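Trainee: predicted model and sequence below, questions to follow.
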Amino acid sequence: MSIKVSFRNIQKTVTLGLLLGALGLVFVPTTASAKPFNLGPGKCKECHKAEFEVWEKTKHATSYKKVHKSKAAKKIVKAVGGKRMKKTALCMSCHYTQTVKKAGAKPKLAAGVSCESCHGSASEWITIHNNYGKGKTVKTEDDAHKAERIKSATAAGMIWPSALYDIAVNCNSCHGFSKQALTGANISAMMDAKHPINPDFEIVAYSQGTVRHRFYPPKVTENQVMSTVDMSRLYVIGQAATLVSATENISKSDHAVYKAAQEKRIATATAVLKSVQSLAPEVGAFLATPTTVNGRAFAAAIAAKDLSSAVSGRLPSKFK
Ligand code: HEC
Ligand code: HEC
Ligand code: HEC
Ligand code: HEC
């Protein structure tokens, strides 16, 4: 599935356009092959006011005006050979949202980590994700149409809240250092300059505090608290995504701090996953081969299971 969209992809589109232009070729981006780009949180606010009001108070949003000014940030930018955090592609890939007015236009910094950092760049799915069909409403849309809507928005880059494994993979791309732009050299430079890496990032603790926005029907005015059963499942799925992230990325750098963090992530995730073995024997195949494909299959296998008797004792009591 092609869900991850980054500044680098947009850069590539722009460069290709310029290149073809320079060669005298006509570059006509088609919807099907267009690289998705961000529309910015202001666009989402038009219909998702409640979610926006939660988001704007989170560190993801507020750090936009602050983090680049700190001494720590300046030291880290310098270490990777950049001048300003807000102009350094590596930093932007995890700290900021860049928007584009229309395909091929110059990207502009618009916010910190925002809606599309987590739900996917929306240019290609925005008009699909809320379309119930001609003359239909949320109540009258038929199941087949809904399934198709979810499928096509996903294909266009949307990460649905129900796709828990993919949501967790996406958090890890930043919090677990899985971004493709990371290399042995820039990881080492960042670690030496004391960029934090937090091996204890865990999706329940980090998504059910300040980040929580759960205005699901029928109680659409209430930011709902997640049940213990749902939390237990999310906790386990989060650890599955963490295991894949850490296993795939640990060899990227030998820096002691980085290695120790990735080792700790692997150890914690493995212990949690082993603890659900009797309730979810499917975990065996996943632990034997922890890949994204197997992680998604494992998440699907436990979609209707109650794992709380195995993991409720491990659930966080405090949320970030
Ligand atoms: C024109 C109005 C509109 C805009 C603009 C809009 N949305 Fe939506 N969105 C909706 C509606 C209506 C739904 C409910 C669809 C459904 O029933 O699943 C929805 C559903 C969603 C869902 C899934 C909710 C669920 O329960 O699974 C997410 C996530 C989402 N929108 C994110 C966004 C983001 C991010 C943006 C900005 C890039 C955005 N939306 C812009 C109207 C909008
Ligand atoms: C792989 C994603 C990623 C990249 C790339 C990245 N950061 Fe970060 N950064 C994070 C995350 C995640 C945190 C929060 C860590 C935590 O506290 O759990 C963070 C935290 C920070 C902090 C501490 C913020 C605070 O509020 O204390 C600074 C400063 C910082 N980053 C600067 C930079 C700079 C400068 C760059 C570019 C050289 C950069 N980061 C690149 C993900 C990234
Ligand atoms: C840090 C990642 C992150 C950011 C930023 C984020 N979301 Fe979400 N969003 C999630 C997760 C995770 C869920 C699933 C929540 C759950 O079920 O507990 C979700 C659920 C949703 C839902 C379905 C629940 C509901 O409230 O109806 C909508 C709609 C939504 N997000 C829209 C948005 C919009 C709009 C923004 C920006 C204003 C945004 N999100 C920002 C991660 C994020
Ligand atoms: C595009 C990269 C990115 C994604 C995706 C992302 N985050 Fe973050 N997150 C950050 C950065 C960077 C910070 C640190 C900001 C700062 O301190 O300046 C942060 C900070 C946080 C904080 C505040 C932590 C604190 O100590 O105050 C929470 C909570 C959080 N993220 C949860 C999540 C969750 C849950 C997800 C997935 C649903 C997620 N994030 C996805 C980049 C990201």
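Mentor: Received, thanks. Ligands and ions are numbered 1, 2, ... in the order given.

Trainee: give me the neighbour count for the residue of the stretch 151-300 of the chain found nearest ligand 2.
Mentor: Residue nearest to ligand 2 within the stretch 151-300 of the chain (Cβ to the nearest ligand atom): residue 198, separated by 3.5 Å. C-betas here are computed from N, CA, C, even on glycine. Neighbour count for residue 198, taken as other Cβ atoms under 10 Å: 13.

Trainee: tell me the spacing between it and residue 264.
Mentor: 10 Å (Cβ to Cβ, to the nearest Å).

Trainee: repeat that for residue 123.
Mentor: 38 Å.

Trainee: quick one: which of those two has more around it?
Mentor: residue 123 (23 against 14).

Trainee: right, is the longest helix seen in the chain up against ligand 4?
Mentor: For the chain, the helix with the greatest residue count under DSSP state H is helix 228-249. No. Between helix 228-249 and ligand 4, judged by Cβ under 6 Å from any ligand atom, nothing touches; the nearest distance is 8.7 Å.

Trainee: those strands in the stretch 1-150 of the chain, which residues are they?
Mentor: 97-99, 108-111 (DSSP state E, counting those that start in this stretch).

Trainee: from the structure, what's the count of residues near residue 270?
Mentor: Count around residue 270 with other Cβ under 10 Å applied: 17.

Trainee: quick check: residues of the stretch 51-200 of the chain near ligand 3?
Mentor: 51-52, 55, 60, 113-115, 117-119, 161, 167.

Trainee: repeat that with 8 Å
Mentor: Listed as neighbours of ligand 3 in the stretch 51-200 of the chain under the rule Cβ under 8 Å from any ligand atom: 51-52, 54-56, 58, 60-61, 113-119, 161-162, 164, 167, 170-171.

Trainee: are any of the residues you listed buried, and which?
Mentor: 51-52, 54-55, 58, 60-61, 113-119, 164, 167, 170-171 (16 or more other Cβ atoms under 10 Å).

Trainee: look up the closest residue to residue 232, ignoring the ones flanking it.
Mentor: residue 308 (4.1 Å; Cβ to Cβ, 6 or more residues apart in numbering).

Trainee: again with residue 74
Mentor: Going by Cβ to Cβ, 6+ apart, residue 74 has residue 85 as its nearest residue, at 7.6 Å.

Trainee: was I right to think the one you found contacts residue 91?
Mentor: Yes. If you go by Cβ atoms under 8 Å, residue 85 and residue 91 touch, sitting 4.7 Å apart.

Trainee: pull the number of nearby residues for the closest residue to ligand 3 within the stretch 201-320 of the chain.
Mentor: Closest contact between the stretch 201-320 of the chain and ligand 3, by Cβ to the nearest ligand atom, is at residue 215 (3.6 Å). Other residues within reach of residue 215, judged by other Cβ under 10 Å, total 15.

Trainee: that one against residue 52, yeah?
Mentor: No. If you go by Cβ under 8 Å, residue 215 and residue 52 don't touch, sitting 11.0 Å apart.

Trainee: for ligand 1, what are the nearby residues on this protein?
Mentor: 38-41, 43-48, 51, 115-116, 118-120, 122, 126, 129-130, 132, 138, 141, 146, 149-150, 158-162, 216-217.

Trainee: for the stretch 51-200 of the chain, list the residues in contact with ligand 2, please.
Mentor: Residues of the stretch 51-200 of the chain lying near ligand 2 (Cβ under 8 Å from any ligand atom): 59, 63, 66-68, 70, 72-74, 76-77, 79-80, 82, 85, 88, 90-95, 173-179, 181-182, 186, 189-190, 193, 195-198.

Trainee: how about the stretch 201-320 of the chain?
Mentor: Residues of the stretch 201-320 of the chain lying near ligand 2 (Cβ under 8 Å from any ligand atom): residue 201.

Trainee: and the helices in the stretch 201-320 of the chain, which stretches?
Mentor: Using DSSP state H, counting those that start in this stretch, the helices of the stretch 201-320 of the chain run over 203-207, 228-249, 256-275, 283-288, 292-301, 308-311.

Trainee: so which of the ones you listed comes closest to residue 318?
Mentor: helix 203-207 (7.1 Å; Cβ to Cβ).

Trainee: how's this protein carved up into domains?
Mentor: 1-158, 160-320 (automatic domain parsing).

Trainee: ok, now how distant is the residue in the stretch 151-300 of the chain positioned nearest to ligand 1 from residue 258?
Mentor: Closest approach of the stretch 151-300 of the chain to ligand 1 (Cβ to the nearest ligand atom) occurs at residue 161, with a separation of 4.5 Å. For residue 161, the distance to residue 258 (Cβ to Cβ) stands at 31 Å.

Trainee: for residue 238, same thing?
Mentor: 21 Å.

Trainee: swap in residue 247?
Mentor: Taking Cβ to Cβ, one finds residue 247 at 14 Å from residue 258.
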